[in-house]
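Novice: Can you look at this prediction? I've put the sequence above it.
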Amino acid sequence: MRLNVPIQLRWSDLDAYGHVNNASMLKILEEARVFAFWVDGDVSAPDQAAWSTAVIDASPTTRTKSVISRQEIEYVRSMPYIRQPIDVQLWIGHLGGASLDVYYEIKSPIGVEPQVTFVKASTTLVLVDAETDRPRRILPFEREAWEPYLDEPLTFRRRD
């Protein structure tokens, strides 16, 4: 199963060529990831999260940091400025002991036919204990929230 996160483009996301800049793509992925996985407040009460997957504490007193250890982006086609929120689909391709691989497809807005894929991407996140700066295990309630979104990883084009 995938999450569909609507993200509004900003005019400043465009570059001189009139399409969304590659650096802005990283921000778009970040916005979707934060919306889907982070909650601001008490994570011991995940039922208060906006989404069932939003279980990582993002408050200033958090005991967990999330660290990106790897990212990959494949640009399928250039994305122009679009007024309606774009559809960022994301899911988990691998759920490890202390890390997870988040996969994304950035598409044209839901309801716009045909829906076009602009970007495929992946991010590996490692959960780190804020006190020790060491990886920490994914907690049972986090795993339970994320397992329904476990699906096949994306395949990227090979380079020779």
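Specialist: That came through, no problem.

Novice: wait, what's in contact with the closest residue to Val76 other than its chain neighbours?
Specialist: Nearest residue to Val76 in three dimensions, chain neighbours excluded: Thr117, at 5.2 Å (Cβ to Cβ, 6 or more residues apart in numbering). (C-beta placed from N, C-alpha, C; glycine too.) When contacts are counted by Cβ atoms under 8 Å, 6 or more residues apart in numbering, Thr117 touches 76-77, 105-107.

Novice: will you turn those into a markdown table that also has secondary structure?
Specialist: Listed next are the contacts of Thr117 as a markdown table, based on DSSP: H, G, I helix; E, B strand; the rest coil:
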| residue | secondary structure |
| --- | --- |
| Val76 | coil |
| Arg77 | coil |
| Glu105 | strand |
| Ile106 | strand |
| Lys107 | strand |
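
Novice: of the residues you listed, buried ones?
Specialist: 105-107 (16 or more other Cβ atoms under 10 Å).

Novice: Just put the residues you listed in TSV and tack on pLDDT.
Specialist: Compiled in TSV, those are given as follows (pLDDT from 0 to 100):
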residue	pLDDT
Glu105	96
Ile106	96
Lys107	96
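
Novice: lowest confidence element among the helices and strands of the protein?
Specialist: Using mean pLDDT, DSSP states H and E, the weakest-scoring helix or strand in the chain turns out to be strand 56-57, at a mean of 78.

Novice: Centre of the chain to it, how far?
Specialist: 14 Å (Cα atoms, centre = their mean, to the nearest Å).

Novice: Tell me the strands beside it, with direction?
Specialist: Sheet pairing of strand 56-57 (DSSP bridges) gives strand 38-39 (parallel).
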